[in-house]
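*Asks:* Got a sequence here, can you build the structure:
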Amino acid sequence: MTDLKQGTCPACGSPFQSDDPDMPGFLPSSAEQKAGAVCRRCFRLVHYGQVTKAPLNDETVIAQLRPASLRASGIVLLVDPTAMEFSRRALDVAKALHLPFIAVVTKADLFDRWMDRKELVSWISRQWDLPRERSMALSLLDSKALFDLRSRLPQLFGRSYRLLVLGVANAGKSTFIRGISRRGKELALSPLPGTTLGCVDVPVGQEGLLIDSPGLRLGNFWIPRLCPSCLSQLVSRHKLSRKTFILHRDQSLMFGGLAYGRIVDCADREWVKVTAFASSEIPLHRTKAGREEELLERHAGALLSVPCPSCLDTLRGSYPLVEHHVALRRGEDLILPGCGWLACYQGEATFSLFLPEGFAPEIRPWFVAPFPPRNQRRR
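*Replies:* From the prediction side, this is the model:
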């Protein structure tokens, strides 16, 4: 590829090139001399809402993070509470860079109905063994919270700070930077993982610099397997679905057409009470065990809207379902990576989980405790 004089796209960080219109960083010759020009991919994203996937993997991203960290005095680790299983691995990446860091839990507004933000931060700090004073939770839509954080950055990292912002794909890195710095308005945003493809420097007034970085995958195998439309529906942007089910032996709960779990045994009773948390775009459907594939054939892309029929064919053809046997007890969450989780609020059960090849379920302590919504408790 041919690098142009402008260097890199200010919206996504891709090196400009003029050879391949279908690759990130492409800049037509007619736009080469225009100030603030962005690559064709970002232009179409901003003006037409057209999103395209880009070739990116963790090895490529980490190779970019290492030299960026040499220019940084600290790290802002953004934690996506709806994808904790992937964000936990991003903490290991941050620690490996050997810089002081703070953990900022984004999308806290999705949990305001069920838990205080102090409780959210306490859970993260306790489970991840992080200093409480170096952890915080906020909504990326809350301009006051972002302003307050900006005022704290010189206290935490000193004057003239240079901070590397990292996290998993769709944790909100570019949105965070846009909220902290007016200069961040150039960064491209979309619900598709992989919008930012290179490290981008964004000044913060006169006091510092934030370095935007591409999102890490860290085991999120949905990203290379699903189309842009399906991927965007996995991201909880405005609302997180919370639905409670009484599941009996030989019943199954489906997370769209992505994964499902069958009740094999319920210990000393015939049922278990669980609450499912997932993106509001993922349909949750209870059915009789053994009917899952029949329902997928009949209702893929309709009742079971995620994934679309084309993505379902790809998944079934290349990534066969693997069965996992998992015991779930009261006080525990059962994570279906990239789909959501089940909280066991009453009883206990053994599940047969069916996940695409490459994924494995995880067990953790309750994240959201079993109490009714508390609309009056905010921040």
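
*Asks:* Now that K273 has come up, it's in contact with H248, right?
*Replies:* No: at 10.9 Å, K273 does not count as touching H248 under the criterion of Cβ atoms under 8 Å. Quick note: C-beta positions are derived from backbone N, CA and C, even for glycine.

*Asks:* Find residues that contact each of those two.
*Replies:* Taking Cβ atoms under 8 Å, 6 or more residues apart in numbering as the contact criterion, no residue touches both K273 and H248.

*Asks:* Contacts for the strand or helix carrying I246, please.
*Replies:* Element membership for I246, per DSSP states H and E: strand 240-248. Strand 240-248 is touched from outside by 82, 110-111, 114, 253, 263, 266, 270-280, 282, 284, 286, 340, 345, 349, 368, with contacts defined as Cβ under 8 Å, 6+ apart.

*Asks:* Which SSE is immediately downstream of that strand?
*Replies:* Next element after strand 240-248 (DSSP H and E): strand 251-255.

*Asks:* how far out from the middle of the chain is whatever helix or strand L328 lives in?
*Replies:* In the assignment (DSSP H and E), L328 maps to strand 321-329. For strand 321-329, the separation from the chain centroid amounts to 23 Å (computed by Cα atoms, centre = their mean, to the nearest Å).

*Asks:* Which neighbouring elements make contact with that strand?
*Replies:* strand 340-346, strand 348-356 (3 or more Cβ pairs under 8 Å, 6 or more residues apart in numbering; DSSP states H and E).

*Asks:* as a whole number, average confidence for the last one?
*Replies:* The one in question is strand 348-356. Averaged over strand 348-356, pLDDT sits at 95.

*Asks:* what's the answer for stretch 303-315, then?
*Replies:* According to the model, stretch 303-315 has a mean pLDDT of 91.

*Asks:* got the contact list for that stretch?
*Replies:* The contact list for stretch 303-315, computed with Cβ under 8 Å, 6+ apart, reads 225-227, 229-230, 233-234, 254, 256-258, 281-283, 285, 295-296, 300-301, 356.

*Asks:* Pull out the buried members of those.
*Replies:* Neighbour counting by 16 or more other Cβ atoms under 10 Å classes 225-226, 230, 233-234, 254, 256-258, 281-283, 285, 295-296, 300-301, 356 among the contacts of stretch 303-315 as buried.

*Asks:* quick one: which helix or strand includes the residue of the chain most remote from its centre?
*Replies:* Here the centre of the chain is the reference, and by Cα atoms, centre = their mean the most remote residue is D268, at 37.3 Å. Applying DSSP H and E as the criterion places D268 outside every helix and strand.

*Asks:* Make a PyMOL selection of whichever of the contacts of strand 240-248 turn out to be buried.
*Replies:* Per 16+ other Cβ under 10 Å, the buried members of those correspond to this PyMOL selection:
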select buried, resi 82+110+111+114+253+263+266+271+272+273+274+275+276+277+278+279+282+284+340+345+349+368
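
*Asks:* now, which of the contacts of strand 240-248 lie within helices?
*Replies:* The helices, defined by DSSP state H, take in nothing from the contacts of strand 240-248.

*Asks:* can you tell me which of the contacts of strand 240-248 are in strands?
*Replies:* Cross-referencing those against strands under DSSP state E gives 253, 263, 271-279, 284, 286, 340, 345, 349.

*Asks:* All good on my end, thank you.
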